[in-house]
Each structure stands twice: as C-alpha cells, then as structure tokens.
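**Q** Got a predicted structure here, sequence first:
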Amino acid sequence: MSVVKRIIRDNKERMAVDELLSKEFEEAGYGGITLTKTPLGAQINLFTMRPGRVIGKRGRAIKDASEKLETKLGLTNPQITVVEIEVPELNPHIMAARVANALERGVHFRRSIFWSLRRIMDSGALGCEIILKGPIRSARARFEKVSEGYIPKAGEPSKRWLRHATIHVKQKRGILGVTVNIIPPDAKFPDKITLKDLPEIEYPEEEVFMPEGVEPDVEITPAVEPVAETTEQPAAPVEVPVEAKPEEAVESAPAPVEPEAQPVEEKVEEEVKTEEEKPDEEKKEEN
C-alpha cells in the first residue's frame, strides 16, 4: 500500500471514530479525540467536560463504547482514556455544540454566535471566527461570519495552532453548518517578535577614534601632577612678636602738631600793606 492510500485510510478511520463517539457522548460535553495506532492496539484520548458521564457507573459507558468501536469499525483492542477539559471556552467542539443547541432551542442566530464569540475571547484566545452557513432566514442558503483577533489562514501556523470544529444542526428550512476556529493563547507565530527577557550585555569601553585636525567636543581637563614627597625635616617655628593692644598704641603715638593761629588784626594789617605797595610798583614800571 502506498503512503497516500495509507494516509487516506487512517483519516477516514479517525473521522468514523470521532463521529461515533460524538453521538455517544454528546450530552457529556464531547471535545474531540486523538487516535494513535500501536502494536498492542488503538490508543484513544477522549476530551470531555464531564468525565463521570463518559465513564458511567462502574465503567459501563466506556466499555460499551469500546465494544462498538470493535464491532462496527473493526478497531483492534481500543483503549479509551478520558481527559477532562480545563477551559471549555477554548475548545471549538464544545463551543460549536453550544451554538447548535441554542439554534435548536429557537435563539436568534446572531445572538448565539456573538455570545459564543465574546465568551471565547474573554477566556484569553488570540483569535476566533464563527461561520454559520445554510438557509438561515429563507430557503436560499447564505452565510454569516463573525471574527475577532488574529487568525492565520494559510501556512505552517494555521496547521499547527488553529483549532477547528464543524457541527450540523437540523432546522425546518434545512441543515445549518456551524464552524468554529480558535487560536489558543499559547500560540506562537514567526512574524510576532518580542524583545522581553533578553540578557543585558555589557560592552567594554573603547577609545573614540578622531581624525587628524578634528578636536573632540568634550573638554579634557589637564592631569594634575602628583606632589613629590620630601624627606626634609620641617623648619623650626619662627617666633612672631606680639602686637600691642589698640589702647596702648593710641597712648604711645605722638600727638599731631597744629599750626599756631594768628590773630585776626595782624592778618588785616598785612592785607593793607600789600594793597599800598601795589601802586608804587606800578609807577616804577611806568618810569
């Protein structure tokens, strides 16, 4: 058997197991499976909201499911492991089932899909998309799509991180298809780069290269030469005479000599004599 045929056969087998278990445990909050083939048999991990209903009383429900897998699908020694879902809002199977149940109960389709979208985004999802296809209002088919956040459509990130589920609902006008795509909060994309938690790198200080004829902008202070230590002995202290007190200095200083005051009468006589001598001198000059 070629590789392509083997891949197609395994996918068809997985889809058949998924469909059978989803109908069997629909009321238990079925959240999907993972199927791996081993030499001892088929290992199935079943995700659910209520593990007690899947296991049943004394394990009867899970034994009945394993027997159906052997008789109807031909699986050899199926081993079912029940795994509880911690956050149901991040599981597309559960959210699609909730939208389908709301539509069956008669809730308006926009109200149901917007309520589911808000619950998914509040749980921490990076992106969500809900698509409703079929005869929604009339006999003519149409689709209603609501989305929020970041959702890759192609490439390796979409194959690795995108969670996808589709559930069909029977209505009076026809069958509706509910598709839910969710990007979990732990998804990492190659085009989303963060610079957090980077180690701090200390670079050594390097001398700045300055071309010839260019002076640096920073003023360089001249280095102070260290004072050489002398081994000479310190000189003896010099005795400085004690200055006299200000009071003694005033008493010892000689008193200034004042010029003798001439009487006023003598000054007047001198002035008169000078005035009398002036005309005589003028006459002599004329002769």
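**A** Here it is on my side, so go on. As the structure is a prediction and not an experimental result, all values here were calculated from the model.

**Q** Which residues are in contact with Gly29?
**A** With contacts defined as C-beta atoms under 8 Å, 6 or more residues apart in numbering, the neighbours of Gly29 are 48-50, 85, 88, 94, 97. Placement of C-beta: from N, CA and C, glycine included.

**Q** Could you measure from the nearest residue to Thr179 once chain neighbours are set aside over to Ser112?
**A** Distances taken as C-beta to C-beta, 6 or more residues apart in numbering place Ile131 nearest to Thr179, at 4.3 Å, with adjacent residues excluded. When C-beta to C-beta, to the nearest Å is the yardstick, Ile131 and Ser112 sit 13 Å from each other.

**Q** out of the two, which sits in the busier spot?
**A** Ser112 (20 against 16; other C-beta atoms under 10 Å).

**Q** so what's Arg142 bridging to?
**A** Here Arg142 shows beta-bridge partners Gly134, assigned using DSSP bridges.

**Q** ok, it - how many residues close by?
**A** Around Arg142 there are 11 other residues, counting by other C-beta under 10 Å.

**Q** phi, psi of Glu13?
**A** Taking degrees, to the nearest 10, you get phi -70, psi -40 for the backbone angles of Glu13.

**Q** so where's the stretch 101-250 of the chain uncertain?
**A** Within the stretch 101-250 of the chain, the segments meeting pLDDT under 70 span 206-250.

**Q** can you give me the helices in it?
**A** Under the criterion DSSP state H, counting those that start in this stretch, the stretch 101-250 of the chain contains helices at 109-122, 156-161, 246-252.

**Q** Could you export these as CSV, including distance to Glu67?
**A** Written out in CSV, the entries for the helices of the stretch 101-250 of the chain read as follows (distance: least, C-beta to C-beta, whole Å):
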stretch, distance to Glu67
helix 109-122, 35
helix 156-161, 35
helix 246-252, 128
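
**Q** Let me know which of those is tucked in deepest.
**A** Each of the helices of the stretch 101-250 of the chain was given a mean neighbour count from mean count of other C-beta atoms under 10 Å, and the largest, a mean of 17, is that of helix 109-122.

**Q** Any chance you could list what contacts that one?
**A** Counting contacts by C-beta under 8 Å, 6+ apart, the residues outside helix 109-122 that touch it are 89-90, 95, 98-99, 102-103, 128, 130, 132, 136, 144, 146-149, 180, 182.

**Q** What about these, which are in strands?
**A** Using DSSP state E, 128, 130, 132, 144, 146-149, 180, 182 are the members of the contacts of helix 109-122 that sit in strands.

**Q** How far does stretch 185-204 stretch from one end to the other?
**A** In terms of C-alpha to C-alpha, to the nearest Å, the two terminal residues of stretch 185-204 are separated by 40 Å.

**Q** Also stretch 80-93?
**A** Where stretch 80-93 begins and where it ends lie 19 Å apart, using C-alpha to C-alpha.

**Q** Buried residues in that stretch, which are they?
**A** Of all the residues in stretch 80-93, those buried under the rule 16 or more other C-beta atoms under 10 Å are 80, 82, 85, 88-93.

**Q** what does stretch 163-173 give?
**A** Of the residues in stretch 163-173, those scored as buried under the neighbour-count criterion (16+ other C-beta under 10 Å) are 163, 165, 167, 169.

**Q** mind putting these in a markdown table, distance to Glu202 included?
**A** Converted to a markdown table, the buried residues of stretch 163-173 look like this (distance: C-beta to C-beta, whole Å):
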| residue | distance to Glu202 |
| --- | --- |
| Arg163 | 44 |
| Ala165 | 51 |
| Ile167 | 57 |
| Val169 | 63 |
